[in-house]
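In: Provided below for reference: sequence and predicted model.
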4 protein chains.
Amino acid sequence: MIKVGIVGGTGYTGVELLRLLVSHPKVEIALITSRAESGRRVDDLFPSLRGHIELGFSDPDDAELAACDVVFFATPHNVAMRSVPTLLAAGTRVVDLSADFRIRDVKLWEHWYNETHACPELIADAVYGLPERNREQIRTAQLLACPGCYPTAVQLGFMPLLAAGLVNTQSLIANAVSGVSGAGRQAKIDNLLTEVSDSFKAYAVSGHRHLPEIEQGLADIAGGPISLTFVPHLAPMIRGIHATLYATLNDAGRAANLQTVFEAFYRDEPFVDVLPSGQYPQTRSVRGANTCQLALTVPGSRDTVVVTAVEDNLVKGAAGQAIQCMNLMFGEDESLGIAQPGLLP
Amino acid sequence: MIKVGIVGGTGYTGVELLRLLVSHPKVEIALITSRAESGRRVDDLFPSLRGHIELGFSDPDDAELAACDVVFFATPHNVAMRSVPTLLAAGTRVVDLSADFRIRDVKLWEHWYNETHACPELIADAVYGLPERNREQIRTAQLLACPGCYPTAVQLGFMPLLAAGLVNTQSLIANAVSGVSGAGRQAKIDNLLTEVSDSFKAYAVSGHRHLPEIEQGLADIAGGPISLTFVPHLAPMIRGIHATLYATLNDAGRAANLQTVFEAFYRDEPFVDVLPSGQYPQTRSVRGANTCQLALTVPGSRDTVVVTAVEDNLVKGAAGQAIQCMNLMFGEDESLGIAQPGLLP
Amino acid sequence: MIKVGIVGGTGYTGVELLRLLVSHPKVEIALITSRAESGRRVDDLFPSLRGHIELGFSDPDDAELAACDVVFFATPHNVAMRSVPTLLAAGTRVVDLSADFRIRDVKLWEHWYNETHACPELIADAVYGLPERNREQIRTAQLLACPGCYPTAVQLGFMPLLAAGLVNTQSLIANAVSGVSGAGRQAKIDNLLTEVSDSFKAYAVSGHRHLPEIEQGLADIAGGPISLTFVPHLAPMIRGIHATLYATLNDAGRAANLQTVFEAFYRDEPFVDVLPSGQYPQTRSVRGANTCQLALTVPGSRDTVVVTAVEDNLVKGAAGQAIQCMNLMFGEDESLGIAQPGLLP
Amino acid sequence: MIKVGIVGGTGYTGVELLRLLVSHPKVEIALITSRAESGRRVDDLFPSLRGHIELGFSDPDDAELAACDVVFFATPHNVAMRSVPTLLAAGTRVVDLSADFRIRDVKLWEHWYNETHACPELIADAVYGLPERNREQIRTAQLLACPGCYPTAVQLGFMPLLAAGLVNTQSLIANAVSGVSGAGRQAKIDNLLTEVSDSFKAYAVSGHRHLPEIEQGLADIAGGPISLTFVPHLAPMIRGIHATLYATLNDAGRAANLQTVFEAFYRDEPFVDVLPSGQYPQTRSVRGANTCQLALTVPGSRDTVVVTAVEDNLVKGAAGQAIQCMNLMFGEDESLGIAQPGLLP
């Protein structure tokens, strides 16, 4: 059994990790920390877990965490990097769902996150946890930086096009939509049902923290600099990311059968599903599931390709992908514990 | 492996059976019928099942169904009773999620459903599939009549009070609320998002088809006639039943520790969960789960007891309970394939 | 023109007052106060009001408020009572939408609101602002205590039955459902879209602050003590109250034509609408409107009458009713500025 | 008083016309037709209108309609064009909210709508009812073709850029999102609450009927051919259009102060509101209002300008704009009856 510790178990990423891990056949949850809820039973805060977990939240303690095989950080940024050196030194593996180790350029990270990085020397050791891109490095990673929810959908959507050099890399557009759980379980007027339900808006148009992560990832895939306009939006739903991606086809792109390109690219991926031509994905199809569903269209047979991609931001965009990586890190079947279909309707 | 056939696989109860059964370790789905969608792949209609099922819908055929170990009817009333005699004669077990075999009084059934019953002689053989009431009979049942969604919540909520004779049986009130999936996957203006979202209403106040089923069940539990006022409502949500039950305590009821009564009554039940005093259940805690969560209160310490109960109408109120019964019928662990926690948030 | 001041303009009751008053032909809004948002333009906080109001929020100042003809308090309890003595002394009329002057029994008030009342001597002068009950006293009121949202719906629903003595007064039940705006515009995790959408729950079953107000009102109508079980619930919608009321008919009640009783009782009321027999109200029909729609049913022709009533909690349950009262207090047409139909869909 | 007839009063555009017109001080509603609901009271179908209208639906009859001053067609395409010749011949003005007269190129219309046009000779006489573009022609129009909901938002958003020649006209992108009411009040499984709530999807990516109308409008504004990629999406909300528009700035565009350009362009428009720099519009701010709110951003100060625009699809995108045009056609104040602020929250 893999002995798991979870730091920051009171947010939506935390409770989603718990939902999936309590049914995972090779995992034993040893420890769930929360400064604010220390001493409280987990199932008192989350009654959906009654009967599934007997633990209470404990105060974070690096020594206790170091006794685990792997520690998940389901925290805001600026938490994991305080404990990671200790844990790695103890031989404990770390799966960080926060942003602390996602950006290789520490200055860029410090600019967007407005913090001094606590252990810049470890950033280079972190493996970016997108299995469709880095599966082999993930298997041996000690420190795993899980991708953000937007970056996962945008990278999976653009990847076959950029990897094959089929589009102009300088005019990429990602019009992305998130459910409200992406904003976390925090007391904010802006995310009250009364403020966001039955409404739709863009936000952070002039710049969102996920932009440098997406740009880094797309540039890696393209093998050179790219230029991206990324506009996030908020939709009145609990879960789900929907990305609508626009790119201009180059000569190779116009000549290619894009449906075939996508299907071939993702043929062996257990969690990326290219829909048949003419279907478009909807977020509810992957509610609670670890799957990213994709479709592509070239409207009017002109030179703009439109890719639409959906995922559950808490699963493939966070907790599910983290467990997928954990499975790889511990030599288990990659799909173990995360193979359930979505909850529809 | 239990070879399963499903009749009526295109409704919400049908797709929920599929969601649960594709992960059930002892089930092989052999056949899914639909007159309207015959020939179409199941995962074309329900993209959430892509990668989980390769079958297509087929035309219903009693001979093919009879080759299964068990057939689920996820149909409107007036379908199962046409095929049940043939299937039972062939030794195939039947789990009927419709209303055809729920009411023992065939005249009462014919009054509420406005049909002539096709096999009234078989009604007496049907076992009512509420495991918390009829577990032993379910184990040996050939023909199982699954409870409706409202009846499950209302009976589970009143049961400890009526079984122990703690309330006046002549002034019971069940104020129940359902999500829209209870109305089925049918093209009706009344259930468009534009008609029911951001709104709330009562319906069928003067009489709902689930009333005679609830009355029959409560009278069985009470061991004598009861009188119930049942008012169903529609809430703007996809899944969930919330029942608020009111009863007047008698002398025994006023003397009892009701919290203790409820906890003792359900102590060994895997799928009924009595919340600690002071907590109230919410439907989202059981979204996608087979659990009924209950709480009870005596406001102002007067003589009215209020029980609140929640369930997912498609799981404990339909498909999950049907599988729970199937597990019992085939000697499997009662929780097999239906033990997952709810999807929260 | 009536010169209006509003204290507490940043909550939902405040913005609803503004929405209605900016179009009111006899009103000039002179002043909107908010400690937290002092100095900020109103339409910066509420972009729906751009082009409709040029004011900014100002710090509350009793002298400035006293220069108004009428001051609305759209505040939590424990604010209005601090300023009311000064305002009344200056001859300014006060419409208090909070709870400070609703309960005549000051000890009862202090028990439920856990505060010492600041001016108990003025409570007796306050007129309870339910026009259907107190129209004549409202016309001459200096200090008006606006009813809460639940109390308005529950009293309007029970009133014809209690006034005519048609039901047992000792076993009343009010099963009420509110949209989330009833909880106010406050940063609370409990009311995030992610916590309350697609879900339903009861709350405060053991006792809600609106209970003593409802009990006082119903006892006044009945002309003697009543006993009520009141269970509030939260539905995933922005606006709306739906009350399902249960009462046991007495001999007079069984003999009466209740539909006729209700229609006669409310015949001349501009804002209470008794639906034809067989129809049930839905909250969306009164979204944004000052109307309470009612229906009544006697299920199974037994002796329990069920009344269903809907209102918009921010309009007839708060701001609209306050303006209705203001119209009466200033001798204007009672419907001025609040006669618009609901926003459907 | 303007004597108004409405053809097709049972859809969402129809009930929205009624909501606005019952309060319009210069309008008398003479006639509302519906084949399906003929004989039924309007307020029986739409209880929100109880007390506001006494009419019933009548069978459509061109002679009765011709006795009106103006007839609104709130019908699907292929209805208005059957009656328009008769009505115009009788001197009755027509405001067509359907698509019948929006496209000047009759072959293009017939391609997208798959019908033979019934009176192609009248298309040239129709004035396109976008007041911000055609105000003077609207004043004298006999036959008015109201814009679609998507076209209104997209044209208003791009107009200042195209009119001033600030962007590349060959790479325009309109990523648009609609509430479900845009799909009409029709019995379709696809638009059940259970199918579309808590979910998000693109649709008609390969081509939507509003595309040729938008292309025609943008080309008119640009004074030459344009190329547009238009991707519509469905969000789980009742009302609202949100358009996110992308264009590449040319040299003139990079040199311009775009905020100033937009503010100047719309300075005198009563129903287009350019938000201050840094704010983004949300659909709820214009719920029930006739306003289009706009904002613009140049992310990262690169060469892509992003315009976000919102409207209520049933008001500025349909009924409100139609009344705005009617006001112009009859010499009334353009804002009469449609000046109310949005319903927030």
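Out: Arrived safely. Numbering: from 1, shown residues only, chains lettered A, B, ... in the order given.

In: show me where the stretch 101-250 of chain A has its strands.
Out: A:127-128, A:143-145, A:172-178, A:201-202, A:228-234, A:241-248 (DSSP state E, counting those that start in this stretch).

In: so which bits of the stretch 151-300 of chain A are right by chain C?
Out: A:179-181, A:183, A:185-189, A:191-198, A:236-238 (Cβ under 8 Å from any Cβ of the partner chain). For the C-beta atoms, the positions are set from N, CA and C on the backbone; glycine is no exception.

In: quick one: buried ones out of the residues you listed?
Out: Buried by 16 or more other Cβ atoms under 10 Å in any protein chain shown: A:179-181, A:183, A:185, A:191-198, A:236-238, out of these.

In: just the ones of the residues you listed in helices?
Out: Applying DSSP state H to these, the entries found in helices are A:Leu193, A:Thr194, A:Glu195, A:Val196.

In: now pLDDT too, for these, in CSV please.
Out: Output for these, formatted as CSV (pLDDT from 0 to 100):
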residue, pLDDT
A:Leu193, 98
A:Thr194, 98
A:Glu195, 98
A:Val196, 98
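
In: ok, A:Pro225 touching A:Thr169?
Out: Yes - using Cβ atoms under 8 Å, A:Pro225 is in contact with A:Thr169, at 7.3 Å.

In: these two: who's more crowded?
Out: A:Thr169 (22 against 10; other Cβ atoms under 10 Å in any protein chain shown).

In: so what's the more buried one up against?
Out: Applying Cβ atoms under 8 Å, 6 or more residues apart in numbering or on different chains to A:Thr169 gives the contacts A:Leu162, A:Leu218, A:Ala222, A:Gly224, A:Pro225, A:Ile226, A:Ser227.

In: hang on, the third one packs against A:Leu162?
Out: Yes - with contact taken as Cβ under 8 Å, A:Ala222 and A:Leu162 are classed as touching, separated by 4.3 Å.

In: so which of those two has more stuff around it?
Out: Per other Cβ under 10 Å, whichever of A:Ala222 and A:Leu162 has more neighbours is A:Leu162, with 23 against 18.

In: mind listing what A:Gly182 touches?
Out: A:Cys149, A:Ile241, A:Asn313, A:Gly317.

In: same check, this time on A:Leu161
Out: A:Val167, A:Ala247, A:Gly253, A:Leu258, A:Val261, A:Val305, A:Val307.

In: mind redoing it with 6 Å?
Out: Contact partners of A:Leu161, counting by Cβ atoms under 6 Å, 6 or more residues apart in numbering or on different chains, are A:Val167, A:Ala247.

In: how much space between it and A:Lys188?
Out: Noted for A:Leu161: a distance of 36 Å to A:Lys188, by Cβ to Cβ, to the nearest Å.

In: turn the contacts of A:Gly182 into JSON lines, including pLDDT.
Out: Converted to JSON lines, these look like this (pLDDT from 0 to 100):
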{"residue": "A:Cys149", "pLDDT": "97"}
{"residue": "A:Ile241", "pLDDT": "98"}
{"residue": "A:Asn313", "pLDDT": "98"}
{"residue": "A:Gly317", "pLDDT": "98"}
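
In: identify the residues contacting the residue in the stretch 1-150 of chain A that chain B sits nearest to.
Out: At 3.9 Å from chain B, A:Ser48 is the closest residue in the stretch 1-150 of chain A, using Cβ to the nearest Cβ. Counting by Cβ under 6 Å, 6+ apart, A:Ser48 makes contact with B:Ser285, B:Pro341, B:Gly342, B:Leu344.

In: pretty sure the first one is touching B:Gly342, no?
Out: Okay, so that is B:Ser285. Yes - taking contacts as Cβ atoms under 6 Å, B:Ser285 lies within contact range of B:Gly342: 5.5 Å.

In: grab the nearest non-local neighbour of the residue nearest the centre of chain A.
Out: With distances taken as Cα atoms, centre = their mean, A:Gly317 lies nearest the centre of chain A, 3.0 Å away. Of all residues beyond its chain neighbours, the one nearest A:Gly317 is A:Cys149 (3.1 Å), with distances taken as Cβ to Cβ, 6 or more residues apart in numbering or on different chains.

In: burial count for the one you found?
Out: 27.

In: got the contact list for it?
Out: A:Cys149 neighbours (Cβ under 6 Å, 6+ apart): A:Gly182, A:Ile241, A:Asn313, A:Gly317.

In: and the second one, how many neighbours does it have?
Out: In this case it means A:Ile241. Counted with other Cβ under 10 Å, residues neighbouring A:Ile241 total 30.
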